[in-house]
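Participant: Next comes the sequence, and after it the predicted model I'd like to discuss.
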Amino acid sequence: MLYRETGQFKTSYKADMAVFPIRQDRIGLAVILLLAFVATPLFGSAFLLSAVMIPLLVFALAALGLNLLTGYTGQLSLGTAGFMGVGAYACYKLTTFFPEVNLIVWILASGFFSAAVGVLFGLPSLRIKGFYLAVATLAAQFFLQWCFIRIPWLYNNNVSGAIEAPVRTLFGMPITGPHATPELRYLVVLSIVALLTWIASNLVHGRVGRSWMAVRDMDIAAELMGIRLLPTKLLAFAVSSFYCGVAGALMVFLWYGSAEPEVFSISQSFLILFMVIIGGLGSLIGSFFGAALIYGLPIVLKSLFPMLGLSVGAATIEHITFMVVGAMIIGFLIVEPHGLASIWRTIKQKLRVWPFPY
Amino acid sequence: MAMDSSAAMTPPGDVNREAGRDVILAVNNIEVIYDHVILVLKGVSLEVPRGGVVALLGGNGAGKTTTLKAISNLLRAERGEVTRGSIMFQGERVDRMSPNELVRRGCIQVMEGRHCFGHLTIEENLLTGAFTRRDGAAAIRQDLEKVYGYFPRLRERRKSMAGYTSGGEQQMCAIGRALMSRPTLVLLDEPSMGLAPQIVGEIFEIVKELNASEGVSFLLAEQNTNMALKYATYGYILETGRVVMDGDAEMLRANADVKEFYLGVSEGDRKSFRAVKSYRRRKRWLT
Amino acid sequence: MLYNIFIDPFVQMAGAPDLLVQALWDGLVSGVLYALIALGFVLIFKASGVFNFAQGIMVVFAALTLVGLYEKGVPAYVALALTLVVMFLLAVAVERVVLRPLVNQPDIILFMATFGLTYFLIGFGELVFGGNPKAMITAQLGLPRGVIDVEMLGGRVSFQKIDIAAAVIASIMVAALAVFFQKTRIGRALRAVADSHKAALSVGISLNQIWVIVWFAAGVVALAAGIMWGARSEVSFALEIVALKALPVLVLGGFTSVPGAIVGGLIIGVGEKLGEFYWGPLVGGGIETWLAYFIALAFLLFRPQGLFGEKIIERI
Amino acid sequence: MSNQIIGGPGLFSRRDDSVAKGEPLLTVENVSLRFGGVRAISDVSFDIRKGEVRAIIGPNGAGKTSMLNVINGFYHPQEGRISFRGQTRRRMRPSHAAAQGISRTFQNVALFKGMSTLDNIMAGRTLHMKRGFFWQLWRHGPALDEEIRHRRVVEEIIDFLEIEAVRKTPVGKLPYGLQKRVELGRALAMEPDLLLLDEPMAGMNLEEKEDMCRFILDVNNAFGVTIALIEHDMGVVMDLSDRVVVLEYGRKIADGAPDEVKASQAVIDAYLGVAH
Amino acid sequence: QDGKDANFVPLFTYRTGPFSGSGIPIANGMRDYLEMLNQRDGGIGGAKIVIEECETGYDTKKGLECYEAVKGRNPVMVNPWSTGITLPLIPRAAVDRIPVLSMAYGLSASADGQTFPWIFNPPNTYWDGLSVIIKHIADELGGLDKLKGKKIGYIYLDAGFGKEPIPMFEQFAKDLGFELKLYPVAATDMQNQSSQWLGVRRDKPDYMVMYGWGALNPTAIKEAARINYPMDRFVSIWWPSEDDARSAGPGAKGFRELNWHGVGTDFPVLKDIQKHVIDKGLSKVAKGKEGEVLYNRGVYNSMLIAEGIRNAQKLTGKKAVTGEDVRRGLEAINLTPERLKELGMEGFTDPLKLSCADHNGHGAAFVQEWDGQKYVKIGGPIKPMEDKVGPVAAAAAKDYVEKNAGWPKRTEACDSK
Ligand SMILES: Nc1ncnc2c1ncn2[C@@H]1O[C@H](COP(=O)(O)OP(=O)(O)OP(=O)(O)O)[C@@H](O)[C@H]1O
Ligand SMILES: Nc1ncnc2c1ncn2[C@@H]1O[C@H](COP(=O)(O)OP(=O)(O)OP(=O)(O)O)[C@@H](O)[C@H]1O
Ligand SMILES: CC(C)C[C@H](N)C(=O)O
Ligand SMILES: [Mg+2]
Ligand SMILES: [Mg+2]
């Protein structure tokens, strides 16, 4: 009853081609945005904001970026963390070089640097495919991480070898550094993520997204239809890396406050890939679901044990958390191999036909 | 397989059929759902007598492939499920069995769309068909020769990777592969698809020969109704997940609707494809 | 600059041939050790099309079980046998719980499932055996220890006996597996399964049985790798990272090729050792971490399916 | 009647008339193609005239599909030349062929499985869409307008092929016959001058074949799209085609009007088995 | 937290992951000492200690998560146990008013209490440690001037921690005229160091210095033994454990590392832990591992925590103290011989005095050698080369402030006179 499209007729192609053609979905989106922009900063605790929401958004953005490449274009990448690193280091260099310019500008600009690097390492995708392509991105991953360690210029010769976010302000309020309030940092991150999500949605619903998916689903046929493979793939690499770069910059500046190269390690790349897969390849909303599951689940589990009144050691909790997360990932996949987004779709489908089973 | 299984082994649900007929496969009122929400088969029942050749006809999306997969238990691999009804093969309930056990018992499917192992050579493809057999390399070798006898083109291409062979060659390979398992019942899904007319004829001849000389039963889902009804003894017509008509092949061939929609002959004459109009007559069984 | 890159390293090689031989040997040994890990990947990939992310942790888990049992007082050889049993049970469990419900799903989904498995095994292993590193029971297993020092080329080249053992074991495994895959009925079935789950099911190949077999085989290979790597440093969860080194090897050799694993391992091992040793100092060292991938990449540009991998079939 | 259905302003407005009707649009000269030891095509020559339906038949493995692959640039023949609209070439990239106005369907359905019917056909219009990447970022405005313009054309195709009901269904879940139809739609969306059809009717029953024939004829008649057709159903080939070329083991064994070909003993031996 | 008379002490530990080999004994030592205080004295100054471990896996990301999880619960201080986690906490400490105790790790420059009022890294910095190692080498050779023309190799974890001493090292190389060879080990290659050691064979450094952690240590010691590197010329910073040396077998004999506290259980404080904690089954330590280097290191760390709290209680008169109070308490740490005796640590470690300006103490360290079974102290205490390290550290602190524009000037009051 609640979820019916009956009676909602489209009178123009424009309306039919909207991203959310069903009214209930649009209302849902508005509610979510309201919750995210108003309720969460108002009522969320500092812990919720800075240790749960901000990381989650950052990961979701990176996952989104990777999803554009892997989920939409079918190019497996294991270099996500490396590209995030490029964004982070670029932003660091830019903002320490030109401290007057607003940080937000640099955060977005740093995306272009990782886009460039992404394109470079995307070049082999013309010849190499599937899991084999992963090696090109792995090369990127390890090479970039090595650069972050080995080129002192990148971290302004800091003795610690780490980059530290200098204090920067927005409208006179600090958004980085220790004095930045979680609320403000959260809102900045949220705004950027929301903007980029909207842009991603524009892309995937238009010509560009279609060519990406065509390349993913059947590259030969796509080529025979006049979609040039290399430019299409490289564009995906560029856009994807752009997103990852911005996510990396956000991560260092608005979440960690500082970062050493180890932060951009291969395990991070894997983690984001898994967010994309479990969230749903080729689904924007899935990236958010995936980030929530992979990043959020361990946190929830960890806080669950003390709540249950179990007094087990931190290490045991960690072990059990690992086991449970592992088991749940497998469980989710068995229930729905195409990711959480697909579960979401099935639920909607069921709602639509409710009260009949099918 | 010997003919030792008697009428006593036929499932009880069969009593209303002609008594004493030996049924190798009985599908009773099955319902199939994909992805938990898409209902595709809405109560399909059919049976294949031992030593029979039964055709399953029907338009696109009628559910022929789904029916065959339900029988061979390949549905689960596609997130489909038999939610109601039962399937009996040689008097045994098989709807919970793994495909492997089914093949072992003599029921094998040739899937629609070939599905050869692209990275194996044609010969290796054929040999995998004998996976479940335990009767020794010599016997397998012998059958391999037999298959090459049926499809000389395969012998020429035996060392090629199946992935590089032409569509028709792959189709032959898929059929040959199934025959390698020495089946008692073959579920053939669109065997003629993509084959040259001459080969189509040969395949049906092979069906006839195996049926006659070795008593192999066949259930064929076929779009080439003409051929199918020429070689089959009995036929079922499936439309949108239901059996809408069944009967002896002769009878079906004589049916006016079947003639018009499936055989392309109206008033005794074959009509030209050029002459087709977009106008469509409703099928009588749909009313 | 140019001199440093193109001439000097070779001058060095010629100047100290003993070191060159040592570097080559070390590279070969690393290569064998990488290959041992890669072999486990290949087995599972070749036989089911699954890219097994958990192979690294299986190496740790196998070694940990072995040493853990020994520490609990089980005699070394009995512990070895028991570990094999445990690996078999693991294979059965993986087939039952993970693979069977996910039959015919896209590769990437199965890949993800093995990631779930990795998490589970990490948690389980640490819960049972504790997170602290353990020393490998090399001597107790009767593996040779010590070095053979050979005076040659105006210097000394040392060969660890354990490394020689590793090479021998690896060669035997590779030879046996290569024959198994190419020549036997089961081997053919394994390759068929990797090609298409659906078609394999339709011809009556028992995926369940096949998967147990390969996962067990991969478990055995993992155990061998665990023993050898453990003997090099220690048995700890840090070993899991080393598994990453198997990736370029895998890619270079081809995911589906048993001999590829060993050849790839040797090329990568030697390449990265020589690279690090002679060219690394020019850029501050530590290039080993990425050099392997660039070597693999260079090869791939010429052979996109790896040196020995099955050709990627592109037909329409 | 049917040309009214699809006679909208958008579709096939880009007519190229550099070649007159009845003149060769495409000529294949002495083409040979080998894969290692396998000779897929040996020294084959024929032409396709503008506006005709040209059938290519032959036994399995004769090299028919390979021929199409050569024509649209996916395979590069070792010998021989191909000229399209008078331009001769040795090799070109498939995307180039597409841009020149050659489109095709595939023997093994090669749809974009993860996309809906609509998106598949829209993807066929990629070549005609001009708005660049930066317009796409901001979807509203010009990019959307363009999208809507093309959507109109696509809807016409959908209407024409009678696949309205499955417009938003992911094509992977469609039955085989409908997939073939969607594939045709996608090829049509490119507004080709030459349409290559590889067994478009395999796996269809009579009724569906009839539909398909009608579509093909309409496309050919109403828009003058030249068609090269591979098909094993002799009824269809004989009824639809203007001229037939017959291949066997990579060689051309006959070429001519359907009736001539049908009567040729070589063709009967190699392909038909019995006289039809 | 837990009523008013309790102090919340979160411990960031890692009993899992690639660094657990080093993390576990530390975690046990830290925990057992505090537990002992709870059992024996009912806490500190009548206030119970609420001990809570948070597992970081030596992973910066997880560490920050732990920090966020505890920072709202009035922790008296945090112990990151990772240089990587310490660095991002440095700017936050002042804002969240939670002192960071990075005991002998973290940023060397943070020893400067005027610039970093909230960071404490007693009793030595990594730079101090390096200077002690150089001194030790010089002693062996017979004088600092003998270093001239020598070659020293440095093998290190290629992360913040291992790179920390490099600028100092380079400075020494320049001043003392020896040649420095770097052998970085990536975290992913900790167990796979054959190239580095091949390099060592080629370069033939006279001495090897190591800054390692986790699996790096045992592998390096094994590799050194494999190439027959003379072990008594292989000197490490204070992190390798008994296990690290033991697993290399007899070849490890002679391996040296720094330390500033006793090993073994022959100290009253360890006896108390045995009695009140281990015997009661409250400890996780494996049998025979109590008293090992890193276990005792954990004990030492917890003793500093306890002293900080105790001083804070004295300064404020409260039982339950805040991070702010403990910061003052830490600045007031003064471990005189008498105090050490009261703590049951006589002979365990040297006196230590911190102040508002000096958050480190820059105490002496000694060298201990692996004899195949255990570490034995060789030689006496060696003071860091204050004259060399001091200026570099001061410059680094200044540099840090410059790079972090708006770094607050110290406003915190100073109790010590
Ligand atoms: N995996 C699947 N998931 C969802 N729906 C499916 C799936 N496979 C088939 N269907 C649907 O089930 C219906 C029946 O399909 P089926 O393939 O059985 O038809 P068919 O009679 O074999 O048709 P064809 O002649 O085209 O082969 C179709 O409407 C199809 O869309
Ligand atoms: N990429 C390739 N590599 C190797 N051999 C190939 C390749 N493509 C085609 N062949 C071979 O060339 C021959 C012709 O193949 P083609 O697909 O053109 O046949 P076809 O006439 O389309 O047959 P069918 O009617 O069965 O589809 C076949 O024997 C096939 O095995
Ligand atoms: C905290 C230390 C004990 C670990 C490591 N040496 C580091 O500084 O990061
Ligand atoms: Mg079908
Ligand atoms: Mg073909």
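Facilitator: Noted; the coordinates are in hand. Keep in mind it's a predicted model, so treat the numbers as computed, not measured. Ligands and ions are numbered 1, 2, ... in the order given.
Participant: Residue E:362 and residue E:108 touch, don't they?
Facilitator: No: counting by CB atoms under 8 Å, residue E:362 stays clear of residue E:108, with 10.5 Å between them. Backbone N, C-alpha and C define where each C-beta goes, glycine included.
Participant: ok, those two, which is more surrounded?
Facilitator: residue E:108 (29 against 22; other CB atoms under 10 Å in any protein chain shown).
Participant: Now do the contacts for the most centrally placed residue in chain E.
Facilitator: Centroid check for chain E by CA atoms, centre = their mean gives residue E:104 as the closest residue, at 3.3 Å. Applying CB atoms under 8 Å, 6 or more residues apart in numbering or on different chains, we find residue E:104 in contact with E:121-126, E:129, E:238, E:260.
Participant: what about burial for these, which qualify?
Facilitator: E:121-126, E:129, E:238, E:260 (16 or more other CB atoms under 10 Å in any protein chain shown).
Participant: how about stretch C:10-29: buried residues?
Facilitator: C:13, C:16, C:18-29.
Participant: nope, stretch B:142-151 is what I meant
Facilitator: For stretch B:142-151, burial by neighbour count (16+ other CB under 10 Å) applies to B:143-144, B:147-148, B:150-151.
Participant: Relative to residue E:187, how far out is the nearest residue to residue E:162 once chain neighbours are set aside?
Facilitator: In space, residue E:162 comes closest to residue E:156 once its chain neighbours are excluded; the distance is 3.2 Å by CB to CB, 6 or more residues apart in numbering or on different chains. When distance is defined by CB to CB, to the nearest Å, residue E:156 is 11 Å away from residue E:187.
Participant: now residue A:41
Facilitator: 37 Å.
Participant: Which one's more surrounded, the two?
Facilitator: residue E:187 (24 against 19).
Participant: quick one: residue C:148 and residue C:159 touch, right?
Facilitator: Yes: shown here, residue C:148 and residue C:159 form a contact pair, counting by CB under 8 Å, at 4.7 Å.
Participant: of those two, who's got more company?
Facilitator: residue C:159 (16 against 12).
Participant: Please identify which helix or strand holds the more buried one.
Facilitator: strand C:155-160 (DSSP states H and E).
Participant: Flag every buried residue along the next helix or strand after that strand.
Facilitator: From strand C:155-160 onward toward the C-terminus, using DSSP H and E, the following helix or strand is helix C:161-183. Applying a neighbour-count criterion of 16+ other CB under 10 Å, the buried positions in helix C:161-183 are C:162-163, C:165-167, C:169-170, C:173-174, C:177-178, C:180-181.
Participant: quick one: contacts of helix C:161-183?
Facilitator: Under CB under 8 Å, 6+ apart, the answer for helix C:161-183 is C:28-29, C:32-33, C:35-36, C:39, C:43, C:46, C:138, C:143-148, C:186-187, C:190-191, C:217, C:221, C:224, C:228, C:231-232, C:258-259, C:261-262.
Participant: low-scoring stretches of the chain, by residue?
Facilitator: Reading this off chain A. Within chain A, the segments meeting pLDDT under 70 span A:1-11, A:13-15, A:17-19, A:306-312, A:353-358.
Participant: ah, no, chain E please
Facilitator: Scanning chain E for pLDDT under 70 picks out E:1-4, E:416-417.
Participant: List the buried residues of the helix ranked longest in it.
Facilitator: Counting residues, the longest helix found in chain E (DSSP state H) is helix E:293-316. Under the neighbour-count criterion of 16+ other CB under 10 Å, helix E:293-316 has E:293-313, E:315-316 buried.
Participant: do the same with stretch C:276-289
Facilitator: By neighbour count on 16+ other CB under 10 Å, the buried set for stretch C:276-289 is C:276-281, C:285-289.
Participant: now for it, what's the gap between its first and last residues?
Facilitator: The first and final residues of stretch C:276-289 sit 9 Å from each other (CA to CA, to the nearest Å).
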